[in-house]
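K.L.:
have a look; sequence and predicted model below, questions after that.
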Amino acid sequence: MASDPSEKEGIIERLIEFSAHNKFIVLTLVAAALLAAIWSMRHIPLDAIPDLSDTQVIIYSRWDRSPDIIEDQVTYPIVTAMLGAPNVKAIRGFSDFGFSYVYVIFKDGTDIYWARSRTLEYLSKITPKLPQGVTTELGPDATGVGWVFQYALVDETGQHNLQELRSFQDWYLRYHLQSVAGVAEVASLGGFVKQYQITIDPNRLLAYNIPITQVIEAIRKGNQEVGGRLLEFSGTEYMVRGRGYARSIQDLEEIVVSTDQKGTPVLVRHLASVGLGPEIRRGLADLDGQGDVVTGTVIMRYGENALNVIKRVKAKLEEVKSSFPPGVKLIVTYDRSDLITRSIDTLKHALTEEMIVVSLVILLFLWHIPSARLTSNIMSLSGIAISIGVLVDAAIVEVENAYKRLEEWIAGGRKGDYHAVRLKALKEVGPAVFFSALVIAVAFMPIFTLVDQEGRLFKPLAWAKNLTMLLAAVLAVTLDPAIRMLFTRLEPIQIRWPWKRKQATPTRSEQVASKIATTFAVGTYYEEEKHPVSKVLFRYYEPACRWVLRHRVATLWIAVGLILTTIPVYLQLGSEFMPPLREGSLLYMPTTLPGISVTEAQQLMQKQDQILKSFPEVERVFGKAGRIESSTDPAPFSMMETVILLKPESEWRSKRRWYSGLPKFLHGAFRPMWPNRVGYEELITQMDEALKIPGTTNAWTMPIKNRIDMLSTGVRTPVGIKI
């Protein structure tokens, strides 16, 4: 059965023969590649879905003026200055009271740090022309999709008020978390920012004939330190400085503004009252409908490994937890690592199922244990769950052909070496399965022509699919022959216990062990007509096949009729760009009338959160109105964002279905079509009905999906109209 040397073999056949004869070289190379794959898996960035955001740079400006003035004197000049920057695709400007946001969006593929340097270069031309008092800066090297972790600081003991919690967040905890590798920014929200407030009495100004600008200038000069020169004394240098930092209310009250006609100093306390108070708030947060809380948002740097960043943040929190003020507790309000972990678990589950199913299919249809075991090894090396069934097709074809050739070899009297028989069987189908796998990969090549958001969404799929198919094709003609030639044997296995080497006749235990080992290592080869499974299939398949061949025209018309019956169902099907990813949390994003006050927004949001928390499926409710202290969030008070963390679906409310009265072991057959628990859509519908509040328009989405929608189009919902 050896191959005819006169036959001209191709590259694939020679590669199969080389792999079969040099098994340990192939196994060594595969082991090295496997180690490289393990290293790559540990270092590749992990996230729930690809970051679909464009390469963008945010120019963030602050100026205490009305939106129309900021639009004319800040936003518009910056936008026009950036129009000539290279690789710029689009520019969006947004003006709010006291804030200006300019989003410079670059062409796909532009390096983020190259884009930031070009933005600074063009921004430097317009900055000197902006009005005095405008502060302009670049946003962090991150996007809104980088909001990977959020937390709230609460004190249920009442020892610390909101101002103290906010000071702890701003001056201690934020800096610890910002030092974590991969974190671009930690933005604060909620509570009250401590501020010295000087309330001037106009009547006193008039009485002393002092303009308000003089008071402002005096306070500015009275709250600073100045340096003098050096004074040498007894061989030592002493630096001269004037200490003037205001460290208390009394220090500010004692600042001299002017003198009266008699030369008596006029102090700040003569003209105004000085006290402590909160800074104007442009954002607030609520937890579970219990009221205002202090929160922090960890924003990941662009291109970082989200899962690793979150792990490092959690480790840092554990490290500094012991230094928290007494009674202060940190509550996680959003954690993307849960979604990432569930996505990875889904991949592992799919791989495990595929290995089991493929092994069982081979075992069932070939009735041969060794073949099933070897294919599982091929599958375990594929390492990807994209079209898993296609990856093992090559190995299955090779297994079946080798099985058939060995069956014929046994029926022919076992003439020749069975290794040569198996090698020839592999070379017969090897080239075909190799190129068939590559043909499947070619079908995904047009995906590489996609650009922008579509390209960023589907190119990772195409890369993974094509590289995996290439890997499967290469392994089918290298690793598969090596393993099959290494482990294949047809002689019975004789087992001898080491302590009974001198015994000539095997014991009963040794005979049973040898039979079991032979069954698993050698197996039994059945003829196709005598195969236990094939015999049953032939009994039903052969009559149907003969009827179809005799009635060809009728068969075609029946097929056409079946296709026509699907048209009404097809017309009822919905369509979407991509199926929704269940993130395990919801985002409730209502909008209300512009100009809503801080107090009214807080009351409205707290009422909404209380309603949401009343649902038994809800574990945590974290509401936000306005903007966090970050340029990645331009939200006004009229738009609220409430993250709803849901419990596991196994804990959701049960619904009585028509099959509830049947025995429980039958429920699994009907549950996929009629779940006996409340579903996502039902839960959203119930929540929406409960939140019919006059003056608000409800919108329901999910956190990551919402960020992608807002970044890609500037519209805050999946469907919108831009005028």
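P.N.:
Looks like it arrived, so ask away.
K.L.:
Ser323 - how many residues pack around it?
P.N.:
10 (other CB atoms under 10 Å). Every C-beta, even on glycine, is put in place using the N, C-alpha and C of the backbone.
K.L.:
can you check the one 4 residues further on too?
P.N.:
Counted with other CB under 10 Å, the neighbours of Gly327 add up to 12.
K.L.:
how about the contacts made by it?
P.N.:
Residues near Gly327 by CB atoms under 8 Å, 6 or more residues apart in numbering: Asp155, Glu156, Thr157, Gly158, Gln159, His160.
K.L.:
go again with 10 Å.
P.N.:
Val154, Asp155, Glu156, Thr157, Gly158, Gln159, His160 (CB atoms under 10 Å, 6 or more residues apart in numbering).
K.L.:
please apply the same query to Lys329.
P.N.:
Residues in contact with Lys329 (CB under 10 Å, 6+ apart) are Ala152, Leu153, Val154, Asp155, Glu156, Thr157, Lys321.
K.L.:
any chance of those in TSV, plus neighbour count?
P.N.:
Shown next, in TSV, are these (neighbours: other CB atoms under 10 Å):
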residue	neighbour count
Ala152	24
Leu153	26
Val154	20
Asp155	20
Glu156	9
Thr157	10
Lys321	11
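K.L.:
coming back round to it: between the contacts of Gly327, which sits nearest Ile11?
P.N.:
Lowest distance from Ile11 to these (CB to CB) belongs to Val154, with 68.0 Å.
K.L.:
pairing partners for the helix or strand in which that closest one is found, with directions?
P.N.:
Here Val154 sits within strand 147-155, counting by DSSP states H and E. Sheet partners assigned to strand 147-155 using DSSP bridges are listed as strand 294-300 (antiparallel), strand 328-335 (antiparallel).
K.L.:
the last one: which residues count as buried?
P.N.:
What it means is strand 328-335. The neighbour-count check on strand 328-335 (16 or more other CB atoms under 10 Å) flags Val328, Thr333, Tyr334, Asp335 as buried.
K.L.:
same check, this time on stretch 211-219
P.N.:
Using 16+ other CB under 10 Å as the burial criterion, the residues of stretch 211-219 that qualify are Val215, Ala218, Ile219.
K.L.:
also stretch 132-141?
P.N.:
By neighbour count with 16+ other CB under 10 Å, stretch 132-141 contains the buried residues Val134, Thr136, Gly139, Pro140, Asp141.
K.L.:
which members of the residues you listed are the farthest-apart pair?
P.N.:
The largest separation in the buried residues of stretch 132-141, counting by CB to CB, is between Val134 and Asp141 at 22.6 Å.
K.L.:
re earlier: any chance of the contacts of Lys329 in JSON lines, with pLDDT and distance to Met485 too?
P.N.:
Output for the contacts of Lys329, formatted as JSON lines (pLDDT from 0 to 100; distance: CB to CB, whole Å):
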{"residue": "Ala152", "pLDDT": "94", "distance to Met485": "62"}
{"residue": "Leu153", "pLDDT": "94", "distance to Met485": "64"}
{"residue": "Val154", "pLDDT": "92", "distance to Met485": "66"}
{"residue": "Asp155", "pLDDT": "90", "distance to Met485": "70"}
{"residue": "Glu156", "pLDDT": "83", "distance to Met485": "69"}
{"residue": "Thr157", "pLDDT": "86", "distance to Met485": "72"}
{"residue": "Lys321", "pLDDT": "91", "distance to Met485": "58"}
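K.L.:
and which of those residues is nearest to Gln250?
P.N.:
Gln250 has its nearest neighbour among those in Asp155, at 29.3 Å by CB to CB.
K.L.:
hmm, Glu164 and that closest one touching each other?
P.N.:
Yes - the criterion here is CB atoms under 10 Å, and Asp155 meets it with Glu164 at 8.4 Å.
K.L.:
list the buried ones in the helix or strand where Pro481 lies?
P.N.:
Assigned by DSSP H and E, Pro481 belongs to helix 479-487. Across helix 479-487, burial judged by 16+ other CB under 10 Å covers Leu479, Asp480, Pro481, Ala482, Ile483, Arg484, Met485.
K.L.:
quick check, pLDDT for the fifth one.
P.N.:
Model confidence at Ile483, expressed as pLDDT, equals 77.
K.L.:
can you give me the end-to-end span of stretch 613-630?
P.N.:
End-to-end distance for stretch 613-630: 28 Å, by CA to CA, to the nearest Å.
K.L.:
same deal with stretch 180-198?
P.N.:
Using CA to CA, the end-to-end distance of stretch 180-198 comes to 38 Å.
K.L.:
so which of the buried residues of stretch 132-141 is the closest to Arg620?
P.N.:
Among the buried residues of stretch 132-141, and counting by CB to CB, the member closest to Arg620 is Pro140, at 26.3 Å.
K.L.:
next one: phi and psi at that closest one?
P.N.:
phi -70, psi 160 (degrees, to the nearest 10).
K.L.:
so it touches Tyr302, yeah?
P.N.:
Yes - in this structure, Pro140 is within contact of Tyr302 by CB under 10 Å, at 8.6 Å.
K.L.:
contacts only, for Val257.
P.N.:
Val257 sits next to 205, 208, 210, 214-219, 222, 265-272 when contact means CB under 10 Å, 6+ apart.
K.L.:
per-residue pLDDT of Gly561, please?
P.N.:
At Gly561, the pLDDT value in this model is 92.
K.L.:
check the secondary structure at the residue of the chain positioned farthest from its centre for me.
P.N.:
Largest separation from the mean C-alpha position in the chain: Lys262, at 71.7 Å (CA atoms, centre = their mean). Here Lys262 is coil, with the state taken from DSSP: H, G, I helix; E, B strand; the rest coil.
K.L.:
show me the contacts for it.
P.N.:
Here Lys262 is in contact with no residues (criterion: CB under 10 Å, 6+ apart).
K.L.:
now it. Its backbone dihedrals?
P.N.:
Backbone geometry at Lys262, expressed as degrees, to the nearest 10, gives phi -90, psi 0.
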